[in-house]
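Visitor: Here is the input, now give the coordinates:
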Amino acid sequence: MQALILNAAGEPDVYDEVVPDCGEDEVLVQIRACVLTRRDMDLYTGVQSQQNGLSGRLGQGLTGIVEYRGSKVTSVTPGDRVLVCRTDAGFAEYLSLPAHQVVALPDGISYEEGAIALRLSSVIYGIDQAQVEDKTVFISGAGSTGLLCAQVARLSGASNIIISDLHALRLRRAIDLAADTGINASTEDVNRRILDETGGQGVEVSIECTSEEVSFRQCEACLRPHGMLVMLGTMRGPLTIDMHDWADRSLRLTMGREQTKDTRLLVERGLKLVEIGAVRLRPLLTHVFPLHRAREAFDLIHKDPNRTVKVALTQDSDPRTPHK
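Guide: Predicted structure coming up:
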């Protein structure tokens, strides 16, 4: 089988591997699609190395077809379309994993769109923590996470949604989907614009989606007293907080990442929202590449980010005859 792995030269490459065995409590899934993530790009650009604890396997948000189930598995059957609730597996043609780590992918959602849906688990959890109903919300970053946040925040009753990003394409998508105001962080003073939009009060909830310290600083600066900052991005390194300032303003910080045991239920909630059209995934999917063009996909994201939101990879071939 084929697997997408970062080679010794730091480039995405396709390797041949043995199809994994399937245990009695496991399912064997033929993976049909994945999406490329910030982690993948950090490996590709050398911002982080495999020695820092990151696997060389690339791709997340795996979707595919159940080819075989273990003798004790009753929750799925061969031929079922599924989404894998794991972020550490990487894109390989076949994946064997515990049956409880897959959820049904509704027929109306393509494999490529479904690959984005895994991120809904943290987005829904973070929005739940923030209790955004009737509140003004600022979202820093209009990538896939930020665009999902805007949609879920709107469904959760947010009264005003402001979003910022460096790229005009993403801001246009945000306005089309759910946001009230878009701020181009490459040309505008984000904090000043937020104050203008909120009558000088700031926002009640800010959500950090970029994993950049400058974004975190914007999120904390624009909060009004008693505001909450939700961290959905993953910082590459430690950062400091001025506890005197936070105490003076009675600010709150919460992590948006759910516990692993909660991921499946949150993904199922998200897929139901997608299935009824309440959350749209297709506008987030800007490019789809077959696996043999993986390097081209990485180059596009790295060199021309204004053209991309989420980029998916698909298997080169049609589904094969099921393995026994």
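Visitor: Report the contact partners of the residue nearest the centre of the chain.
Guide: Geometric centre of the chain, nearest residue: Arg119, 3.7 Å, by CA atoms, centre = their mean. By CB atoms under 8 Å, 6 or more residues apart in numbering, Arg119 lies in contact with 61, 144-145, 148. Every residue, glycine included, has its C-beta placed from N, CA and C.
Visitor: Ramachandran coordinates for it?
Guide: phi -70, psi -20 (degrees, to the nearest 10).
Visitor: same question, the one 10 residues further on
Guide: The main-chain torsion angles of Gln129 are listed as degrees, to the nearest 10 and equal phi -60, psi -40.
Visitor: from memory it sits against Val230, does it?
Guide: Yes - Gln129 is within contact range of Val230, at 6.3 Å (criterion: CB atoms under 8 Å).
Visitor: between the two, which one's more packed in?
Guide: Val230 (28 against 16; other CB atoms under 10 Å).
Visitor: so what's that one up against?
Guide: Neighbouring residues of Val230 by CB under 8 Å, 6+ apart: 126-127, 129-130, 205-208, 254-256.
Visitor: anything in contact with each of Gln129 and Val230?
Guide: 254, 256.
Visitor: quick revisit: can you list which of the contacts of Val230 are found in strands?
Guide: Mapping those onto strands (DSSP state E) picks out 205-208, 254-255.
Visitor: Please identify which helix or strand holds Val29.
Guide: Assessed by DSSP states H and E, Val29 sits inside strand 26-35.
Visitor: Tell me where the stretch 1-150 of the chain has helices.
Guide: 38-45, 111-117, 120-130, 144-155 (DSSP state H, counting those that start in this stretch).
Visitor: can you put those in CSV and add mean pLDDT?
Guide: Listed next are these as CSV, based on pLDDT from 0 to 100:
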stretch, mean pLDDT
helix 38-45, 90
helix 111-117, 97
helix 120-130, 97
helix 144-155, 98
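Visitor: Of these, give the one that comes closest to Leu4.
Guide: Closest approach to Leu4 among these is made by helix 38-45 (9.1 Å; CB to CB).
Visitor: what about the lowest-mean-pLDDT helix or strand in the chain, distance to the chain center?
Guide: When each helix and strand of the chain is scored by mean pLDDT, DSSP states H and E, helix 38-45 comes last, with a mean of 90. Remark: helix 38-45 is offset 14 Å from the chain centroid, using CA atoms, centre = their mean, to the nearest Å.
Visitor: Tell me what angle that helix forms with helix 144-155.
Guide: Interaxial angle, helix 38-45 versus helix 144-155 (axes from the mean of the first three to the mean of the last three CA atoms, to 10 degrees): 160 degrees.
Visitor: Show me what helix 38-45 is packed against.
Guide: helix 294-303 (3 or more CB pairs under 8 Å, 6 or more residues apart in numbering; DSSP states H and E).
Visitor: relative to helix 144-155, how tilted is the helix or strand following the helix it packs on?
Guide: With elements assigned by DSSP H and E, the helix or strand that comes after helix 294-303 is strand 310-314. Orientation of strand 310-314 against helix 144-155 (the same axes, to 10 degrees) gives an angle of 110 degrees.
Visitor: Go ahead and name everything in contact with strand 310-314.
Guide: Strand 310-314 is contacted from outside by 4, 32-36, 59, 91, 111-112, 115-116, 143-144, 284-291, 294, 297, 300-301, using CB under 8 Å, 6+ apart.
Visitor: from those, which would you call buried?
Guide: 4, 32-36, 59, 91, 111-112, 115-116, 143-144, 284-289, 291, 294, 297, 300-301 (16 or more other CB atoms under 10 Å).
Visitor: out of the ones in strands among the contacts of Val230, who's nearest Asp40?
Guide: Glu208 (20.1 Å).
Visitor: Would you confirm that the closest one contacts Leu229?
Guide: Yes - if you go by CB under 8 Å, Glu208 and Leu229 touch, sitting 6.7 Å apart.
Visitor: Identify the contacts common to the two.
Guide: 216, 219.
Visitor: When those two are compared, which one has more neighbours?
Guide: Glu208 (29 against 24).
Visitor: Could you pull up the residues touching that one?
Guide: By CB under 8 Å, 6+ apart, Glu208 lies in contact with 140-141, 215-216, 219, 229-233.
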